[in-house]
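Trainee: Quick one: sequence and predicted model below, then my questions.
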Amino acid sequence: MVERAAPDPEFEALLRHIQESRGLDFRGYKRTSLRRRISLRMEAVGAEDFAAYRTCLEAQPSEYEELLNTVLINVTSFFRDEDAWNVIRDEVIPEILKNAEDDRAIRVWSVGCASGEEPYSIAMLLAEAMGMADFCRRVKIYATDLDEEALKVARVATYSPREVESVPGHLLEKYFERTSNHYVFERELRKCVIFGRHNVVHDAPISRIDLLTCRNLLIYLEAETQSIVLPRLHYALNPDGFLFLGKAETQLARSSLFRPVDMKHRIFAKVPQEWRRPLNGSFTANRPTRLDMPLPDVHLLEAVIDEVGTALLVIDDSGAVALANLPARNLLGVGEADLGRPFQDLPISYRPIELRGPIDEAFRGRRGLRLEDQEYRLNQTEVMRLTIDVRPLQRADGSVHAILLAFHDHTGIHGLRRELEAAQENLEQSIEELQSANEELETTNEELQSTNEELETTNEELQSTNEELETLNEEARSSNEEMESVNEELRIQAEQAAGYRLHLESVLRSMNAGIVVLDPRHFIQSWNRWSENSWGLRAEEVLGTSFDRLDIGLPVQQLRDSMIAVQSGSEEQTERQLEGLDRRGRRIICRIRITGLMDEIGANHGLVLVFQDITDERNSEDYTRYLGRVLGGAANQIYFLDPDNLRFLLVNDSAQKKLGFNAHQLSRMALPDLLPDISADDLHAILAPLLGGELPELPLQTAMRFGEGGSLPVDLRLQYFSEETPPILVAMVYDRSERELSAALE
């Protein structure tokens, strides 16, 4: 008999801490594989030993999720091990359909489903064999895993092109919808797959299963844990059910629970036994055995429950509907499709009374509640009076694993009510006795399993080595998939970066300004099209050369001090104006804005220079100042107007003095603001012949507002200069009263 290595106290203490704080029980996993996976996380966080890693878990709760993702190697794919799946398609599924007489429901359980590829593979094969309509009506697939993050991915059912490469082309086209860069699994089939978190070692198994897949899970478990799991899988199957394992799992080669259907591909059939596994998943040691007690078959038990007059619902510890007997289905409208659904999604959870609160209280307090005399309206005329019992179903250790809801109809006579209550009590007593007997049989089975293990010790070492190699292969495949995923992300990022660069280059080419980017040594890194056209140098000629020694017709050497000031941080940005000659020899005035090229932390990585040709702007400003000096000396009132909106562009000093407004005030006013007798619309109509070129000038007599609200009669002479750029409207104003006074004096 091979001696096992003594357990490491610190390692075992770490496993107990993880189980107590998060409910993640890894104690049944093989120690060598488990230590290796945990060591990866210890190396990632810099923990020197198991005690230090425990401290890290206490300080960083998010590390629990990282640890779970590392320990649970979610390596899976569609139709993994194609030859084995061909046997499932050609031999197993036809046998299941043949055995499913009377059009009964077909139930499948995928244990350790990871991100959903395996249960969806089964769904496609069944849908092909049965047809879509029959599949949706009869099939229920339960897919369970410990990893909640993987279950979230499975529920979304969205996969990359690489992940669906193993799906045959005709199935991919039929059962997946292509959306941009992903494939989404067929919605109607997805409704028949129920995902949930489940620990096959500790939680109660799902029953009445026709096909149970548990691939590459047992190789990670210790022999003692395997001896617990295998009878659970046996119990879960129908008498003619099938078990599908991974290719490295040889535990059933000499099992009395299963017979091989195809040993090469690890497909087994259930061997009927005269005992049953416990329904609640509890294990109680040192109990007296009671092998002489006959136990009812689970189907017989369901038939008994259906015959009970009381409507019964069982809610498991995940909040899903686990059982609904025939009276419950008739009374509450709960169908086969509702089994496995969250109870809170059903109308009965809040009508006739809010039941979610009492259920939560029963889970927490581990005691039953009774809701007396509840009104349940069947229709507008019929009303039932119900008493609702909310009862926790406890394991041997006292923990609650399910809630039983009993709906008692008290509408009839009191005698019938008492009979129904007695039947309910008898049913509960039968369930408790059945549970107790099953627990005692479990103890006996564990003792027999322990005896059998001693006979198989010599074979364990070879099997363990093979499983270790398979585990290492799984880890290598997982690492390879992670690297492929990273490479794919890098490729996408590179494509995005290329797109951003192309977009930036297009923007730079289209700008009506010169953009020059320099590195910290003032070597040119970017030179846009405006710069090429203005200075006659192509980008290929200047990229990588020193800007300080560039000969482009501008004295760029005068910018050096300003550039150094921006680089040193003494100035955030600065502007300079330089005069020079462009490539055609034309005089040019440039405004140069110098800005630092900074990263996120404020470090300087060069300069950005923006060149703007302001020659026309400077000429216009010079002309405007000249015109202002000329007009300022004129005695008449002269107004320059925008012909579109009649706003004042320029007003001479004589007009400003007469009006009593300064140039800034007049810049926000228009000519109609000063003509009280003519509206803006009428004035535009009067000016239309002049602006249309029909009149060379337009005389106009009216009143004009001067000073603080007063007005005087004036003569306006308006001329339109359409050839100017931009066109301009000139108005000369004469005070009519002054003219009349001058004429009278003469």
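Mentor: Yep, that arrived. All of these numbers come straight from a predicted model, not from anything done at the bench.
Trainee: Confirm that Gln701 sits in a strand.
Mentor: Yes - the assignment for Gln701 by DSSP: H, G, I helix; E, B strand; the rest coil puts it in a strand.
Trainee: what number of residues lie near Cys136?
Mentor: Number of residues near Cys136 (other CB atoms under 10 Å) recorded here: 15. Placement of C-beta: from N, CA and C, glycine included.
Trainee: How confident was the prediction at it?
Mentor: For Cys136, the model assigns a pLDDT of 93.
Trainee: which ones are touching it?
Mentor: Glu188, Leu189, Lys191, Cys192 (CB atoms under 8 Å, 6 or more residues apart in numbering).
Trainee: Can you list phi and psi of Asn528 for me?
Mentor: phi -90, psi -180 (degrees, to the nearest 10).
Trainee: wait, Leu516 sits on Thr595?
Mentor: For the record, residue 516 is Val, not Leu. No - judged on CB atoms under 8 Å, Val516 makes no contact with Thr595 at a distance of 11.3 Å.
Trainee: got any residues that touch both of the two?
Mentor: Val608.
Trainee: coming back round to it: now intersect the contacts of Cys136 with the helices, please.
Mentor: Those of the contacts of Cys136 mapping onto helices are Glu188, Leu189, per DSSP state H.
Trainee: Closest one to Pro168 out of the contacts of Cys136, please.
Mentor: Distance to Pro168 across these (CB to CB) is lowest for Leu189, with 15.7 Å.
Trainee: what about Val516 and Thr595, which has more around it?
Mentor: Val516 (23 against 15).
Trainee: returning to that earlier point: and which of the contacts of Cys136 is nearest Asp90?
Mentor: Nearest to Asp90 among the contacts of Cys136, with distances taken as CB to CB, is Leu189, at 20.6 Å.
Trainee: Just give the number of residues close to that closest one.
Mentor: If we define neighbours as other CB under 10 Å, then Leu189 has 21 of them.
Trainee: just checking, it touches Phe176?
Mentor: No - assessed by CB under 8 Å, Leu189 is found out of contact with Phe176, at 10.3 Å.
Trainee: Check which element follows the longest helix seen in the chain along the chain.
Mentor: Ranked by residue count and defined by DSSP H, the top helix of the chain is helix 457-510. Downstream of helix 457-510, the next assigned helix or strand under DSSP states H and E is strand 514-518.
Trainee: ok, that next one: who's next to it in the sheet?
Mentor: In the sheet, strand 514-518 lines up against strand 524-527 (antiparallel), strand 604-613 (antiparallel) (DSSP bridges).
Trainee: Those strands: which one's closest to Glu723?
Mentor: strand 604-613 (24.1 Å).
Trainee: Give me the contact list for the closest one.
Mentor: Taking CB under 8 Å, 6+ apart as the rule, strand 604-613 contacts 513-520, 522, 525, 530-531, 534, 547, 559, 563, 566-567, 569, 588-599.
Trainee: Now Gly116. Nearest residue, chain neighbours left out?
Mentor: Residue nearest to Gly116 in three dimensions, not counting chain neighbours: Ala154, with 3.0 Å by CB to CB, 6 or more residues apart in numbering.
Trainee: a strand runs through that neighbour, doesn't it?
Mentor: No - assessed with three-state DSSP, Ala154 is helix; it does not lie in a strand.
Trainee: Tell me the confidence at it?
Mentor: 93.
Trainee: What distance do you get for it to Glu148?
Mentor: According to CB to CB, to the nearest Å, Ala154 stands 10 Å off from Glu148.
Trainee: the more surrounded of the two?
Mentor: Ala154 (25 against 12).
Trainee: Any stretches of the stretch 301-450 of the chain with poor pLDDT?
Mentor: 302, 337, 350-352, 378-380, 412-420, 450 (pLDDT under 70).
Trainee: mind listing the helices for it?
Mentor: 326-332, 356-365, 414-455 (DSSP state H, counting those that start in this stretch).
Trainee: out of those helices, which comes closest to Leu237?
Mentor: helix 414-455 (16.4 Å).
Trainee: How about stretch 233-250, which residues are buried there?
Mentor: 233-238, 241-246, 248-250 (16 or more other CB atoms under 10 Å).
Trainee: mean confidence for stretch 551-568?
Mentor: 85.
Trainee: burial count for Val71?
Mentor: Around Val71 there are 21 residues (other CB under 10 Å).
Trainee: let's have the chain start at 877 instead
Mentor: Right, with 877 as the first residue, what we last looked at is Val947.
Trainee: Test my guess that it contacts Arg913.
Mentor: Yes - using CB under 8 Å, Val947 is in contact with Arg913, at 4.8 Å.
Trainee: is the nearest residue to Ile1279 once chain neighbours are set aside in a bridge, and if so with what?
Mentor: In space, and not counting its chain neighbours, Ile1279 is closest to Ile1191: 4.4 Å by CB to CB, 6+ apart. Beta-bridge partners for Ile1191, by DSSP bridges, are Val1197, Ile1279.
Trainee: helices or strands next to the host helix or strand of Leu1109 in the packing?
Mentor: Assigned by DSSP H and E, Leu1109 belongs to helix 1099-1112. Applying 3 or more CB pairs under 8 Å, 6 or more residues apart in numbering; DSSP states H and E, one finds that helix 1099-1112 contacts strand 1085-1090, helix 1290-1331.
Trainee: Tell me where the stretch 1377-1526 of the chain has helices.
Mentor: Going by DSSP H, counting those that start in this stretch, the stretch 1377-1526 of the chain shows helices at 1405-1411, 1415-1418, 1436-1444, 1491-1508.
Trainee: same thing with the stretch 1027-1176 of the chain?
Mentor: Counting by DSSP H, counting those that start in this stretch, the helices of the stretch 1027-1176 of the chain are 1045-1051, 1063-1066, 1099-1112, 1174-1183.
Trainee: Can you list the neighbours in contact with the first one?
Mentor: It stands for helix 1045-1051. Ala999, Met1000, Ala1003, Glu1004, Val1040, Tyr1059, Phe1061, Glu1062, Leu1065.
Trainee: residues near the spatially closest residue to Asp1193 that is not a sequence neighbour, how many?
Mentor: Spatial nearest neighbour of Asp1193, chain neighbours left out: His1277 (5.2 Å); criterion: CB to CB, 6+ apart. His1277: 20 surrounding residues under other CB under 10 Å.
Trainee: From Gln1300, how far off is His1277?
Mentor: 20 Å.
Trainee: Using the record, which stretches count as separate domains in the protein?
Mentor: Following automatic domain parsing, one gets these domains for the chain: 885-947, 958-1146, 1174-1298, 1387-1489, 1505-1621.
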